[in-house]
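**Q** Give me a model of this one.
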Amino acid sequence: MSIHDELCACFQSYDPQVFQDLHHEDFMMVRELELSTRDEHCEIINELAVKPDWDWHLKAEVVHENAFCIE
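**A** Just a heads-up that it's a prediction; the model follows:
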């Protein structure tokens, strides 16, 4: 199963621990001009995932994926 597929499955019935476990402990999220750690990123997603209109995983399209990243 690809990283994208695992993330989409995680969001079908969101579990914060499963989401965190999908990320390596050294994970860094690059967003525009800032970096966030795995814990910071998970905290942000935990807040977003409970919103009723949170459905990015149904609309996302993978451009590139390998063992280290997904775009």
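**Q** can we go C-alpha only for contacts and neighbour counts from here?
**A** OK.
**Q** Surely residue 29 is within a helix?
**A** No: if the criterion is DSSP: H, G, I helix; E, B strand; the rest coil, then residue 29 is strand and not within a helix.
**Q** May I have the beta-bridge partners of it?
**A** On the basis of DSSP bridges, residue 29 is bridged to residue 36.
**Q** quick one: it and residue 5, what's the gap?
**A** To residue 5, residue 29 is 19 Å away according to Cα to Cα, to the nearest Å.
**Q** Look at these two and report which has more neighbours.
**A** residue 29 (13 against 10; other Cα atoms under 10 Å).
**Q** got the contact list for that one?
**A** Listed by Cα atoms under 8 Å, 6 or more residues apart in numbering, the contact partners of residue 29 are 35-38, 41.
**Q** Now which of the residues you listed would you call buried?
**A** 38, 41 (16 or more other Cα atoms under 10 Å).
**Q** a markdown table for the contacts of residue 29, including distance to residue 56?
**A** Below are those laid out as a markdown table (distance: Cα to Cα, whole Å):
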| residue | distance to residue 56 |
| --- | --- |
| 35 | 21 |
| 36 | 20 |
| 37 | 21 |
| 38 | 19 |
| 41 | 16 |
